[in-house]
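Student: Show me how the following folds:
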Amino acid sequence: MLNTAQRSTLSQNVRFRLEERESLGIVVGIGEIQVAEPPYLLMAVGIGSCIAVALYDKDTQMGGLAHIMLPYKEEFHDKSQPARFSDVAIGIMIDQMNRQGGRIANTKAKIFGGANMFPQIISSHTDMDLGRRNILAVREELARHNIEIIAEEVGDHIGRTVLFDTRDGSIVVKTAGSRERNY
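Tutor: Got it, this is the predicted structure:
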């Protein structure tokens, strides 16, 4: 459950309908992490080159969502808001889940985003492709923690919105043009 301090840091509370079930939604902003249990729905909007990392422990129904902006903390001078960085955010989320009763041994990951939003300007497979660098950094960090990635929708040139239902670990990804995919 969310404590009072966590509730006060939420950027927005909204209500959603997902499969005709009402849930309390928590918006996870850029560089933020939220950990919750049912009936909460975690949502990240505007995932372009950023990565939404969803961790889920099906035994405890504990879920966490990080909206990661950058690959590695040491590459940037401004180290404030450490949850912006993949090499820090994933560890923080794991620690929060463990403190609230989740178990890393039961935890699986789903990752979304890492788009190259400006393919006409930035060539893919270069250091300027921040989305690609974010994908690689997230995969590396999850492997370091021995967390299996069981679903992903990464790359391409499209923005995404991620809706994560803590009741069952399911994720709906919406893209421009109203395309929806279930994971």
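Student: Glu140 versus the residue lying closest to Phe112 once chain neighbours are set aside, what's the distance?
Tutor: For Phe112, ignoring the flanking residues on the chain, the nearest one in space by C-beta to C-beta, 6 or more residues apart in numbering is Ala52 at 4.6 Å. C-betas here are computed from N, CA, C, even on glycine. Ala52 sits 17 Å away from Glu140, taking C-beta to C-beta, to the nearest Å as the criterion.
Student: Ser49 too?
Tutor: In terms of C-beta to C-beta, Ser49 sits 17 Å off from Glu140.
Student: Next: Thr166.
Tutor: The gap separating Thr166 from Glu140 is 26 Å, by C-beta to C-beta.
Student: okay, those two: which has more neighbours?
Tutor: Thr166 (23 against 14; other C-beta atoms under 10 Å).
Student: roughly how far apart are the residue nearest to the more buried one when sequence neighbours are not counted and Met117?
Tutor: Counting by C-beta to C-beta, 6+ apart, Thr166 lies nearest to Gly63, which is 4.1 Å off, once chain neighbours are set aside. The gap separating Gly63 from Met117 is 27 Å, by C-beta to C-beta.
Student: quick one, which of these two is more surrounded?
Tutor: Gly63 (29 against 16).
Student: re earlier: report the beta-bridge partners for the residue nearest to Thr166.
Tutor: Gly63 forms beta bridges with Ala36, Tyr56, as assigned by DSSP bridges.
Student: my guess is it contacts Glu37, does it?
Tutor: Yes: contact criterion C-beta atoms under 8 Å: Gly63 and Glu37 qualify, at 7.4 Å.
Student: pLDDT weak spots in the protein?
Tutor: 1-23, 76-77, 79, 120, 122-126 (pLDDT under 70).
Student: What ranges does it have for its strands?
Tutor: 13-18, 21-27, 33-36, 40-47, 51-57, 62-68, 107-113, 148-154, 160-165, 171-175, 180-182 (DSSP state E).
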